[in-house]
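S.K.: A structural model of the following input is requested.
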Amino acid sequence: MRLFTLTIIAVLLLMLQGINQVEAQTTGSSKSGNSSVLSQGDLAYRDLKFSQAAAYYESYLKGHPSDSHAVQVKLADCYWQMRDYPQALRVYQALYPNGKGTSSLQEQFRIGELYARSNNYAKATQWLEGNSGYKGKASSYTPNLLTMMRQDSAAWKVGYLNMNTQYREFSPLVIDSVLLFSSNRPLVTKKKAFGWDGEYYSRLWKAPVSALKTVGIAPPASQNQTKKNKDITVRKLAGVYEGSDTKATPHTLSSLTNNVYVKATGSYIGTPIEGISSLSYNAGGISADKDGQIYFSSNYPKPDKQGVNRIRLMEGHFKGNTIENIKALPFGDANTYSVMHPAVNPEGTILVFSSDKQGGQGQWDLYYSRRENNQQPWTTPFAMPGTINTAGNEVFPNITSNGYLYYSSDGKAGLGGLDIYRIKLFDALAGIGEPEHLSYPLNSSSDDFGWTQSKDGKQIYFTSDRVSSEDNIYTAQFDEEGARQAALARQPRKLEGFVLDRQTMEPIAGATVFLNNDCDKKVYITKTNEKGKYSYPVTESCDIVLLGADKGYSKDCLAMQTKFDKTSDEFVQKAPHDLLLDRYTQDFKWKVSDIHYDFDKWNIRADARPILDSLVDILKAYPIKVELGSHTDSRGSFAYNDRLSQRRAESAVAYIVSKGIDPSRITAKGYGEHQLLNKCADGVPCSEEAHQANRRTEVKVLIGQSSDQPEGFDPRQYRAGQVLDATQLPAGFFDKCK
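M.R.: Numbers count the residues shown, from 1 in each chain. This is a model prediction of the structure:
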């Protein structure tokens with residue numbers, strides 16, 4: 001009776017006895033022979049001997065390719081239950097070649113998981129979409145989110161341990177100088193196998209940490225992951241856990257299906273833990289408090305009336321290599337539901353475990369029980385509040401000495417299969433906070449579970465079936481330099497520069513900067529801030545052209561290459577030089593405000609001098625020639641207004657010339673009332689404010705910087721964040737920049 005682990009393995013003897021028997025029965029391809037094969041397969045399937053059932057069904061389907069749907073459904077289930085994922089996907093693809101069709105929600109989840117395990121996330125999303133319990137999981141299979149889940153990969157170094165064998169090792173627990181774990185290694189020369197997948201039952205083991213060494217990141221070639229007999233090779237296939245219960249074999253069925261035996265081969269690193277030989281079937285999933293009180297999962301000794309052996313929690317005291325005073329905890333029910341995968345805090349006052357009790361959110365949910373001290377009985381368990389439990393499976397919890405709850409789930413956003421998450425224990429108990437997904441390579445597209453760490457957090461172990469679907473124990477080390485590099489890689493990179501007035505070197509706020517990207521042939525738009533600064537995100541190394549423009553200015557540009565280096569601690573790349581725009585292009589006109597004259601006078605008042613001084617500064621900064629025009633309102637005769645405006649213009653020009661400006665660079669022009677800005681002509685009643693609008697002084701550039709803006713082009717029409725094709729801009733817009 002396997003209860004939780006993740007490995008599925010078909011055994012050589014199974015193949016010899018099961019497959020050879022099937023082939024013998026199918027010789028001649030007779031109708032009665034095929035019927036017998038199907039009956040044998042159904043008996044094995046009902047008996048939960050999935051490895052034998054699969055062999056019978058495969059043989060039957062060879063002679064009945066057109067009458068296969070019901071058999072294929074059971075065959076796919078056999079491979080799924082054995083965690084033979086490649087074969088399960090093969091059969092499901094044959095069942096539903098054109099999409100979901102008549103598939104059940106359970107099958108859709110399985111197929112989505114199988115595609116995720118093979119890194120085909122697009123297909124996985126298609127199969128998970130529409131399954132309401134897995135919306136979050138399906139939505140996480142996007143390139144951006146998958147990249148985010150892998151962004152800390154450089155922070156961790158994962159190693160394959162030399163303790164692993166061709167059998168399955170899983171659910172480690174490090175206690176000081178020893179590592180406890182579960183394994184289905186055969187204990188004697190010949191032992192009756194577990195019909196579920198043809199393997200031996202899982203038991204508890206112990207190995208000294210000093211004997212553990214990393215041997216790369218995957219099983220070495222010298223470790224044969226198969227059991228051999230003659231020329232038949234049987235793959236070791238790993239799953240995550242036997243989340244379902246194991247059905248005992250009724251005599252009437254077992255008499256019709258063959259028993260399979262496994263042999264202990266070679267030597268192992270580690271020794272079996274003693275004291276549990278009286279327990280039937282599986283034992284595994286270990287946790288212990290600081291006083292040596294140990295908790296683990298085991299099957300009930302007898303099946304219920306339906307022949308189902310459920311799973312319960314046991315406790316005892318671990319001393320040396322023996323568990324003493326073993327007794328069952330008052331959780332679970334031999335007739336209705338199971339409890340498994342215990343996790344206890346160091347003080348022995350909080351116990352977290354997984355259960356398939358009815359009324360939960362998913363298939364297996366996390367529950368907890370509390371007590372004031374380790375001398376008191378455990379209280380009635382409660383389901384974990386908050387967002388921990390999902391429509392999927394929450395299994396393999398572990399409570400670390402630094403106050404975190406680690407567990408695995410296949411119902412949350414992740415990389416596929418079971419992924420490991422963590423949350424502060426007391427946040428989990430209070431139902432607050434969101435579990436943190438551990439990034440690649442701690443998690444993978446396969447099943448990852450069974451996290452444990454030493455008190456100081458430096459020794460980390462976990463289980464994964466990432467190589468050939470094989471359950472193995474891995475070690476993980478936090479790499480500070482790798483973490484620094486990962487943090488650097490997450491930092492956004494950007495390009496910055498400034499747009500300035502060429503003559504005054506003052507910043508130009510609100511200028512438009514066009515970035516022509518040679519990599520994707522797109523033009524990106526941004527605006528300068530009040531300091532004249534622009535900024536663009538940098539996501540790749542690329543040749544670009546930057547062009548700055550603003551209304552009333554000529555444009556300026558530069559060509560450069562962006563440099564995208566995730567390992568650099570320089571997050572900002574500076575443009576090689578500022579974009580300098582020339583203002584006062586020919587025919588550019590602006591109004592000079594607040595130049596006041598006394599009534600019927602044209603001399604320059606004291607309060608007008610600062611305004612004219614600013615014009616002097618412009619003329620000194622810019623090599624331009626201008627016309628200073630004076631305008632009146634309509635009151636008075638045309639002749640009078642012409643003379644008055646001309647005298648006022650000449651008076652202003654004289655003041656400017658007196659400040660050192662060459663008189664050839666500025667011309668006085670009186671326009672009188674000939675260029676009114678509104679309807680306030682002679683005889684039209686207007687307010688004083690309306691007349692004031694016509695009394696103005698304007699400066700017009702007669703000879704200035706030649707404008708290089710296309711006619712009618714206004715760079716201010718573009719907004720920050722726009723992305724354009726170059727064809728959407730005037731022809732030759734970037735020509736002078738290249």
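S.K.: go through stretch 428-444 and flag the buried ones.
M.R.: For stretch 428-444, the neighbour count (16 or more other Cβ atoms under 10 Å) marks 428-429, 435, 437-444 as buried. (Each C-beta comes from the backbone N, C-alpha and C, glycine too.)
S.K.: tell me the contacts of E372?
M.R.: Contacts of E372 were listed using Cβ atoms under 8 Å, 6 or more residues apart in numbering, and they are T349.
S.K.: which other helices and strands does the host helix or strand of F426 contact?
M.R.: Per DSSP states H and E: F426 is located in helix 425-430. Secondary-structure packing of helix 425-430 (3 or more Cβ pairs under 8 Å, 6 or more residues apart in numbering; DSSP states H and E): strand 404-409.
S.K.: identify the residues contacting I666.
M.R.: Going by Cβ under 8 Å, 6+ apart, I666 touches 619, 625-628, 653, 656-657.
S.K.: can you select the buried ones among these for me in PyMOL?
M.R.: Only the buried entries of those go into this PyMOL selection, using 16+ other Cβ under 10 Å:
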select buried, resi 619+625+626+627+628+653+656
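S.K.: farthest pair in the contacts of I666?
M.R.: E627 and V657 (14.1 Å; Cβ to Cβ).
S.K.: quick one: the strands in the stretch 301-450 of the chain?
M.R.: Along the stretch 301-450 of the chain, counting by DSSP state E, counting those that start in this stretch, strands occupy 308-309, 311-319, 322-328, 339-344, 350-355, 365-370, 382-383, 394-399, 404-409, 419-424, 436-437, 448-453.
S.K.: nearest to Q151, of the ones you listed?
M.R.: Nearest of those (Cβ to Cβ): strand 436-437, 11.2 Å.
S.K.: now do that closest one: distance to the chain's middle.
M.R.: 10 Å (Cα atoms, centre = their mean, to the nearest Å).
S.K.: if we can go back for a sec, could you dump the contacts of I666 to JSON lines with secondary structure?
M.R.: Listed next are these as JSON lines, based on DSSP: H, G, I helix; E, B strand; the rest coil:
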{"residue": "L619", "secondary structure": "helix"}
{"residue": "K625", "secondary structure": "strand"}
{"residue": "V626", "secondary structure": "strand"}
{"residue": "E627", "secondary structure": "strand"}
{"residue": "L628", "secondary structure": "strand"}
{"residue": "V653", "secondary structure": "helix"}
{"residue": "I656", "secondary structure": "helix"}
{"residue": "V657", "secondary structure": "helix"}
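S.K.: the nearest residue to N335 once chain neighbours are set aside: how many residues sit nearby?
M.R.: Closest residue to N335 apart from its sequence neighbours, by Cβ to Cβ, 6 or more residues apart in numbering: D304 at 4.7 Å. Look at D304: counted by other Cβ atoms under 10 Å, it has 16 neighbours.
S.K.: hmm, D304 is touching A334, no?
M.R.: Yes - judged on Cβ atoms under 8 Å, D304 makes contact with A334 at a distance of 6.0 Å.
S.K.: list residues touching both of these two?
M.R.: With Cβ under 8 Å, 6+ apart, D304 and A334 have common neighbours R310.
S.K.: in stretch 568-575, what counts as buried?
M.R.: Using 16+ other Cβ under 10 Å as the test for burial, stretch 568-575 gives 573, 575.
S.K.: how much space is there between the closest residue to Y121 other than its chain neighbours and L128?
M.R.: Sequence neighbours aside, Y141 is the residue nearest to Y121 in space, at 3.9 Å (criterion: Cβ to Cβ, 6+ apart). Distance of Y141 to L128, computed by Cβ to Cβ, to the nearest Å: 8 Å.
S.K.: and what of L495?
M.R.: Counting by Cβ to Cβ, the gap from L495 to L128 is 39 Å.
S.K.: who has more neighbours out of these two?
M.R.: Using other Cβ under 10 Å as the criterion, L495 and L128 rank with L128 on top: 25 against 20.
S.K.: you'd agree the more buried one is up against S140?
M.R.: No - applying Cβ under 8 Å as the test, L128 and S140 come out as separate, 9.8 Å apart.
S.K.: any common contacting residues for these two?
M.R.: Common neighbours of L128 and S140 are not found (criterion: Cβ under 8 Å, 6+ apart).
S.K.: contacting residues for the residue nearest to Y121?
M.R.: The contact partners of Y141, by Cβ under 8 Å, 6+ apart, come to 116, 121-122, 124-125, 128.
S.K.: rewinding a little: and the helix holding F426, what's its mean pLDDT?
M.R.: On average, the pLDDT along helix 425-430 is 96.
S.K.: which residues touch it?
M.R.: 345, 350, 368, 384-386, 388, 399, 403-405, 433, 435.
S.K.: report the distance from that helix to the chain centre.
M.R.: With Cα atoms, centre = their mean, you get 24 Å for helix 425-430.
S.K.: what do you get for stretch 103-117?
M.R.: Chain-centre distance of stretch 103-117: 21 Å, with Cα atoms, centre = their mean.
S.K.: in it, what counts as buried?
M.R.: Residues of stretch 103-117 classed as buried by neighbour count (16+ other Cβ under 10 Å): 103, 107-117.
S.K.: ditto for stretch 383-401
M.R.: Buried positions in stretch 383-401, judged by neighbour count with 16+ other Cβ under 10 Å: 383-384, 388-400.
S.K.: among the residues you listed, which two are most distant?
M.R.: Within these, A391 and T400 form the most distant pair, 26.8 Å apart (Cβ to Cβ).
S.K.: my guess is G704 meets K589, correct?
M.R.: No - applying Cβ under 8 Å as the test, G704 and K589 come out as separate, 11.1 Å apart.
S.K.: which one of these two has more residues nearby?
M.R.: G704 (20 against 13).
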